[in-house]
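Participant: this one's structure only:
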DNA sequence: CCTCCAATGTGCCTGATTTCACAATCTAAG
DNA sequence: CTTAGATTGTGAAATCAGGCACATTGGAGG
């Protein structure tokens, strides 16, 4: 398919989901998978799988399916998760600490190169091998020096914009925002908001519509 | 607007986002807000705000705007976040503990009535006032007895389906799934998946497209 | 070499969501 | 009371995403 077609954001999100079932298949010794089978594992339609992949090229073999190993490699290349991006996190409260140690980052070969908090009590604490908490005042300097790619915000809503601004000042182009605040940012920077309370509200809405007890 | 119109899921998600800026406005002493201003705070278009709200009724006053206090109340009523839903969480690792103590639940008046883990070391630990960790074998019995509305899954992918099945067995109709596994479930149950690694992959995709350093 | 079978890749249609644009309606001021 | 100005609520248009259905292609077997 032409490279110039606009690729739906939903496609990127789904493609990211394909990797895990594929890796599981590999562990089980399955070498080839059909769009039907992969769709089943992801609880979507097979046409969706094929359409999603077709945005980026032809990875399958007609009459056979997709080579699992190849497909994983292709998807990782597409997503850019085959590279090691450098991360910095600000806010080492309960959630921040849990995130820093979450295997989700490590499994992608990404690594934290810095951690910041404004609480003096926390400065100097080791959160990960080789990463000690530094004062928030150093965000700009350290991120610039280290060449941080992705900034992770894990502070309360009231401080989120301030942290985002410092990341931007340091030239960080991608932000993963766990605070429930929609940050202002220039075009050149991409922000992903992760707010489980939205999902929680969705569940409440569903329950309230007559599925509660 | 007619109540029978299909309401987009995206609308529910956005409406959930409206609450926080509205509460902030209230704190600042603002009593009335226009769709334009609210849209600005949420980084979306004003027509979107009006359309979203119009699915549920007419809450504004033409020429004036929306009463902030009323709008918050209406939205909470729509979402069902004005009720106290009972939660149970399974998996009290780093992330599970951080979640249990996250203000996102408390601020919605939701409360955890039970916590489970399969690690014998953890049984008996207090995670929240009045909530001690119980063995995972008791999930069905306790959830049934307590009348749990929402089950929170915070275990590794390999155990997610097992936990989901026990929630379903106990009659839980809503599940908040933090594991990176798409669980199987009947029509009558609603599952929301929260997987920040998908957002992380999105950022990597963006960076890989030429915005990296 | 030919036929049959399986599964992809994709044009096209359908349905859903967003955006536009404006009539309707309210407040305030003269 | 009338007019000006602001902002809502909503049909209609435009855009976008999803799903179908089938032509196409590769592999296996005779």
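Facilitator: Thanks, I have it. Quick caveat: nothing in here was measured; it's all calculated off a predicted structure.

Participant: any idea of the pLDDT on residue A:206?
Facilitator: Residue A:206 is assigned a predicted lDDT (pLDDT) of 95.

Participant: how many other residues sit next to it?
Facilitator: Counted with other C-beta atoms under 10 Å in any protein chain shown, residues neighbouring residue A:206 total 21. Using the backbone N, CA and C atoms, a C-beta is placed for each residue, glycine as well.

Participant: can you confirm it is in a strand?
Facilitator: No. Using DSSP: H, G, I helix; E, B strand; the rest coil, the assignment for residue A:206 is helix, not a strand.

Participant: how far is the worst-scoring helix or strand of chain A on mean pLDDT from where the chain is centred?
Facilitator: Lowest by mean pLDDT, DSSP states H and E among the helices and strands of chain A is helix A:103-106, with a mean of 91. The chain centroid and the centroid of helix A:103-106 are separated by 10 Å, computed with C-alpha atoms, centre = their mean, to the nearest Å.

Participant: next secondary structure element downstream of the longest helix anywhere in chain A?
Facilitator: Assignment by DSSP state H gives helix A:9-27 as the longest helix of chain A. As assigned by DSSP states H and E, the chain's next helix or strand after helix A:9-27 is strand A:32-33.

Participant: adjacent strands (with direction) for that following strand?
Facilitator: Paired neighbours of strand A:32-33 in the sheet (DSSP bridges): strand A:65-67 (antiparallel).

Participant: list of residues touching the strand it pairs with?
Facilitator: A:31-35, A:37-38, A:53, A:59-61 (C-beta atoms under 8 Å, 6 or more residues apart in numbering or on different chains).

Participant: the residue lying closest to residue A:204 once chain neighbours are set aside and residue B:94, how far apart?
Facilitator: Residue nearest to residue A:204 in three dimensions, not counting chain neighbours: residue B:80, with 4.1 Å by C-beta to C-beta, 6 or more residues apart in numbering or on different chains. According to C-beta to C-beta, to the nearest Å, residue B:80 and residue B:94 sit 30 Å apart.

Participant: and the strands in chain A?
Facilitator: A:32-33, A:60-61, A:65-67, A:86-90, A:111-117, A:126-128, A:131-135, A:150-153, A:174-177, A:190-193 (DSSP state E).

Participant: tell me the mean pLDDT for the fourth one?
Facilitator: Rounded to a whole number, the mean pLDDT of strand A:86-90 is 98.

Participant: counting by contacts, list what it packs against.
Facilitator: With contacts taken as 3 or more C-beta pairs under 8 Å, 6 or more residues apart in numbering or on different chains; DSSP states H and E, strand A:86-90 sits against helix A:94-100, strand A:111-117, helix A:139-146, strand A:150-153, helix A:157-169.

Participant: can you pull the contacts of the residue positioned nearest the centre of chain A?
Facilitator: When C-alpha atoms, centre = their mean is applied to chain A, the residue found nearest the centroid is residue A:176 (7.4 Å). By C-beta under 8 Å, 6+ apart, the residues touching residue A:176 are A:150-153, A:192, A:194, B:196, B:199-200, B:203.

Participant: residues from chain A in reach of DNA strand D?
Facilitator: Listed as neighbours of DNA strand D in chain A under the rule C-beta under 7 Å from any atom of the strand: A:6, A:8-11, A:44-45, A:47-48, A:50-51, A:61-64.

Participant: would you show me how to pick out the buried ones of these in PyMOL?
Facilitator: Restricted to buried positions by 16 or more other C-beta atoms under 10 Å in any protein chain shown, the PyMOL selection for the residues of chain A next to DNA strand D reads:
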select buried, chain A and resi 11+44+50
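
Participant: tell me which two of the residues of chain A next to DNA strand D sit farthest apart.
Facilitator: Spatially, the most separated pair among these is A:9 and A:63, at 31.7 Å (C-beta to C-beta).

Participant: mind listing what residue A:22 touches?
Facilitator: Taking C-beta under 8 Å, 6+ apart, we find residue A:22 in contact with A:33, A:38, A:68, A:71-72, A:75.

Participant: try it again at 6 Å.
Facilitator: By C-beta atoms under 6 Å, 6 or more residues apart in numbering or on different chains, residue A:22 lies in contact with A:68, A:71-72.

Participant: check it and give its pLDDT.
Facilitator: On pLDDT, residue A:22 comes in at 97.
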